[in-house]
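[1] Build me a structure from this.
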Amino acid sequence: AAFDAQSRTRSGRSGGGGKSSADPTKLSTFVTNSRGMNNRLETEVVAVQNAWAGFVGACSWVSFGTVSFATGFGRMVSENKADAMWVERIADQFEKAGGGGVLNSELNKAHKSTVLDIASGKKFKDLLNGKLSPEEVAEYWGPLGLTAQNGESLPPETQSKLASMSGLPAWAQDAAGQEFVDYALKHPEAAYNMMGFDNPDIDPISLEDFKTQLAGIKTEINDATKRSKRLNGGTGDVVQLVDFGNHDGVLAAGISIGDLDTATNIGVNVSGMNSSAKDMTNGDKAAHELHKAAYRKDPGSSYAVVNWVGYRSPGESDVFGMGHANSGSGRLVDFLNGINASRTEGGNSPQQFNVYAHSYGSTTAAQALKSGDLHFKVDRLVTYGSAGLENDTTIDEIKVGAEKVYSTHADGDWWAKKGQLGEKGVNPIDIGAIEFSSAESVAADGKTKLKATTMHNMYSEEDRPTFWNKDGTVGYLSPGSTSLDRMANLLVNGTATK
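    Numbering: from 1, shown residues only. A predicted model of the protein is given here:
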């Protein structure tokens, strides 16, 4: 069952000389009619794709050989969208000319900015196939001149790959990721297979879990966007979906509170045990508080704090091993390299670039920063409530320097110490990390009392005693806590105490 749509030529056949004329009103009517019919066709194509996915799932024992019609139909829809976009640009040219003649060379410029034609090029295909380094991706992407709106014309398969493409600017990952999430919510079976969750070798989440996690991501993006309007003294900040994809059979994602492409100060917060894309609310609120606390200290800088749930985290049964950290660290390396490459290519490297890591996230982050595949040095690693680093880890292995690894461990956090066993028994403080306080203290103004962290959690909204936390429930990034104050200082100026 083979079918593929041919790539269409979108340029004048007479070359660059001469003039052409057309009625812009009729061209606009064509665009409207074409888009209407294509929308109806797309609905039918998706129905066919879902039916095929269901059939393949029910008959997994059958060898189907090469089957291209499902993606081929999708390509045809994308070609139709590109045609409409191209003709719309031509209509605009004639509209500006008052309906008179337009140079063919000017009309051909409309072709050059058609995203689908760019996407059909060899280098773009190399990008999608993972053949370019993050630095090559960043260098290639910039001159294309694409916008977030262009991504709407790309096939869902392409959107799903761009959503976690290392080296792309965050706005591009966000645009592709959010478009694909919307597609996946409408057509979950097709999206599930498209993202590789139909591979039983990776122990994938079920289709029902996939739907639940998608819905959780969509809801949290909307909620985080509403919360972000209160940032920066009430002027607001953006929220971006980044690094959205499949890691070891689970949905993985990052949500940036603040513009990752322009922020002067960046923090990537690596999640720990039992973290999941299904519920990113707690981590996003923690990122929100860190962003807010840093802005209060220095409103002259701009901030982006990423809640990174980009790997398959361990549960209680396997938290003492290194398997999840070793696997997740590779994806974290790619993400960090991508941010650095994109910002460097754009000529606006951040002033501060910190990695924060909670619980088992510190295990994963340390492995990433020890990796020979990391192409640069982050400014500092900040661990809190660390569940332990890999046995025999030394401070010199971590690509930030001994003076730039910081760590805190609250007296009320008895869970973290229980995690420092098995293959990961190293406490960062014991190997030379600079320790900062998470106990009660007074803020720099000499008046404001700051609360002690009383639990292992990254964040908690309510400060109330429980059976397990007699002194209240204050997480490491809870508002008004000493540890939040110190970590905000590190994001602002690189020191814990100022």
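[2] Where does Trp171 fall, secondary structure wise?
    In this structure, Trp171 sits in helix 170-186 according to DSSP states H and E.
[3] what ranges do the helices span in the stretch 51-200 of the chain?
    Along the stretch 51-200 of the chain, counting by DSSP state H, counting those that start in this stretch, helices occupy 69-96, 104-112, 115-119, 122-128, 134-141, 156-162, 170-186, 188-194.
[4] Give me the number of neighbouring residues for Asp396.
    Asp396 is surrounded by 11 other residues when neighbours are defined as other C-beta atoms under 10 Å. Glycine gets a C-beta too; all of them are placed from N, C-alpha and C.
[5] Is it correct that it falls within a helix?
    Yes. Per DSSP: H, G, I helix; E, B strand; the rest coil, Asp396 lies within a helix segment.
[6] one step back: mind exporting the C-alpha coordinates of the helix holding Trp171 to CSV?
    The C-alpha coordinates for helix 170-186 follow below in CSV (Å, rounded to 0.1, in the frame of the first residue of the first chain):
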residue,chain,number,x,y,z
ALA,A,170,12.7,27.7,22.1
TRP,A,171,10.0,29.6,20.2
ALA,A,172,10.3,27.0,17.3
GLN,A,173,10.1,24.0,19.7
ASP,A,174,7.1,25.6,21.4
ALA,A,175,5.2,26.3,18.2
ALA,A,176,5.8,22.8,16.8
GLY,A,177,5.1,21.2,20.2
GLN,A,178,1.9,23.0,20.9
GLU,A,179,0.6,22.3,17.4
PHE,A,180,1.4,18.7,17.7
VAL,A,181,-0.2,18.4,21.2
ASP,A,182,-3.4,19.8,19.7
TYR,A,183,-3.2,17.3,16.9
ALA,A,184,-2.5,14.4,19.3
LEU,A,185,-5.5,15.3,21.5
LYS,A,186,-7.7,15.0,18.5
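[7] per-residue pLDDT, the closest residue to Leu132 other than its chain neighbours?
    With sequence-adjacent residues excluded and distances taken as C-beta to C-beta, 6 or more residues apart in numbering, Leu132 is closest to Asp126, at 5.8 Å. As predicted, Asp126 sits at a pLDDT of 85.
[8] before we move on, what about Arg8?
    At Arg8, the model reports a pLDDT of 70.
[9] let's number from 17 now, not from 1
    Sounds good: first residue 17 from here, last item Arg24.
[10] List the contacts of it.
    Under the criterion of C-beta atoms under 8 Å, 6 or more residues apart in numbering, the neighbours of Arg24 are 95, 98-99.
[11] Now do it against Gly193, distance only.
    Arg24 sits 28 Å away from Gly193, going by C-beta to C-beta, to the nearest Å.
[12] Packing partners of the helix holding Trp187?
    If you count contacts as 3 or more C-beta pairs under 8 Å, 6 or more residues apart in numbering; DSSP states H and E, helix 186-202 packs onto helix 172-178, helix 204-210, helix 223-244, strand 255-263.
[13] Repeat the analysis, applying 7 Å as the threshold.
    Contact here means 3 or more C-beta pairs under 7 Å, 6 or more residues apart in numbering; DSSP states H and E; on that basis helix 186-202 packs against helix 172-178, helix 223-244, strand 255-263.
[14] ok, residues contacting the second one?
    It refers to helix 223-244. 197, 200-201, 204-205, 208, 213, 252-255, 257, 267, 269, 271, 273, 293-297, 300, 304 (C-beta atoms under 7 Å, 6 or more residues apart in numbering).
[15] relative orientation of the helix holding Trp187 and strand 255-263 in degrees?
    Interaxial angle of helix 186-202 relative to strand 255-263 (axes from the mean of the first three to the mean of the last three C-alpha atoms, to 10 degrees): 60 degrees.
[16] contacting residues around helix 186-202?
    When contacts are taken as C-beta under 7 Å, 6+ apart, the neighbours of helix 186-202 outside the stretch itself are 164, 167-168, 172, 175-176, 178-181, 207, 230-231, 233-234, 256-260, 272, 276-277.
[17] from the middle of its chain, how far away would that helix be?
    The chain centroid and the centroid of helix 186-202 are separated by 10 Å, computed with C-alpha atoms, centre = their mean, to the nearest Å.
[18] Report the buried residues of that helix.
    For helix 186-202, a neighbour-count test (16 or more other C-beta atoms under 10 Å) marks 186-197, 199-200 as buried.
[19] Looking at these, which one is closest to Val153?
    Of all the buried residues of helix 186-202, Val153 sits closest to Ala188, with 10.1 Å by C-beta to C-beta.
[20] one step back: nearest approach to Gln383 belongs to which of the helices of the stretch 67-216 of the chain?
    Of all the helices of the stretch 67-216 of the chain, the one in closest proximity to Gln383, counting by C-beta to C-beta, is helix 150-157 (18.6 Å).
[21] For that closest one, output the C-alpha coordinates as PDB.
    Taking only C-alpha atoms (Å, rounded to 0.1, in the frame of the first residue of the first chain), the coordinates of helix 150-157 have been written out as PDB:
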ATOM      1  CA  PRO A 150      23.000  21.100  17.800                       C
ATOM      2  CA  GLU A 151      25.500  23.700  16.500                       C
ATOM      3  CA  GLU A 152      24.700  22.800  12.900                       C
ATOM      4  CA  VAL A 153      21.000  22.900  13.600                       C
ATOM      5  CA  ALA A 154      21.300  26.400  15.100                       C
ATOM      6  CA  GLU A 155      23.400  27.700  12.200                       C
ATOM      7  CA  TYR A 156      21.000  26.200   9.600                       C
ATOM      8  CA  TRP A 157      17.800  27.300  11.200                       C
END
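[22] Report the angle between it and helix 186-202.
    Using the same axes, to 10 degrees: helix 150-157 against helix 186-202 is 90 degrees.
[23] From the rest of the structure, what touches helix 150-157?
    Where contact means C-beta under 7 Å, 6+ apart, the residues beyond helix 150-157 that reach it are 139, 143, 148, 181-184, 353-354, 357-358, 361.
[24] possible to save those as JSON lines with neighbour count and distance to Gly344?
    Formatted as JSON lines, the contacts of helix 150-157 follow (neighbours: other C-beta atoms under 10 Å; distance: C-beta to C-beta, whole Å):
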{"residue": "Lys139", "neighbour count": "13", "distance to Gly344": "30"}
{"residue": "Leu143", "neighbour count": "22", "distance to Gly344": "24"}
{"residue": "Leu148", "neighbour count": "20", "distance to Gly344": "23"}
{"residue": "Met181", "neighbour count": "22", "distance to Gly344": "18"}
{"residue": "Ser182", "neighbour count": "24", "distance to Gly344": "15"}
{"residue": "Gly183", "neighbour count": "25", "distance to Gly344": "19"}
{"residue": "Leu184", "neighbour count": "25", "distance to Gly344": "20"}
{"residue": "Asn353", "neighbour count": "23", "distance to Gly344": "15"}
{"residue": "Gly354", "neighbour count": "26", "distance to Gly344": "16"}
{"residue": "Ala357", "neighbour count": "24", "distance to Gly344": "20"}
{"residue": "Ser358", "neighbour count": "27", "distance to Gly344": "21"}
{"residue": "Glu361", "neighbour count": "20", "distance to Gly344": "26"}
